[in-house]
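Colleague: compute the structure for the input listed below.
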Amino acid sequence: MNDQERDILRRTILELLIKKEDHYTRLEKKVCASCHCFATTNTFKSQLHYLLKNKYITRITRGVYQITSKGETYSALLSL
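Modeller: Okay, the predicted model is just below:
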């Protein structure tokens with residue numbers, strides 16, 4: 001997976017969370033169905049972990065995630 005593909009997956013996850021908080025399973029299904037050939041369960045999981053580790057998203061309850069203000073800023077940068 002190259003940097004551009006990683007950025008696309010991260011942006012896709014963040015854009016879904018900007019709309020509303022969501023559950024892991026629904027996020028995974030939406031991202032993997034995004035028609036990107038590199039969007040798999042494993043690539044989704046690794047990018048979600050990256051976003052969590054860097055505090056772009058937060059887990060509010062078991063399996064439910066929401067975007068942080070830092071994540072909103074990061075998403076805007078990815079969209080440029």
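
Colleague: same for the longest helix anywhere in the chain, what does it pack against?
Modeller: Counting residues, the longest helix found in the chain (DSSP state H) is helix 3-19. Where contact means 3 or more CB pairs under 8 Å, 6 or more residues apart in numbering; DSSP states H and E, helix 3-19 is packed against helix 24-32, helix 41-53, strand 57-61, strand 64-67, helix 69-79. Every residue, glycine included, has its C-beta placed from N, CA and C.

Colleague: do you know which of these lies nearest Ile18?
Modeller: The closest of the helices and strands packed on helix 3-19 to Ile18 is strand 64-67. By CB to CB, the value is 5.6 Å.

Colleague: any weak-confidence spans in the chain?
Modeller: 35 (pLDDT under 70).

Colleague: try it again with 90
Modeller: For the chain, residues meeting the criterion pLDDT under 90 lie at 1-2, 19, 21, 34-38, 78-80.

Colleague: quick one: Cys32 and Lys45 touch, right?
Modeller: No: counting by CB atoms under 8 Å, no contact exists between Cys32 and Lys45, whose distance comes to 10.5 Å.
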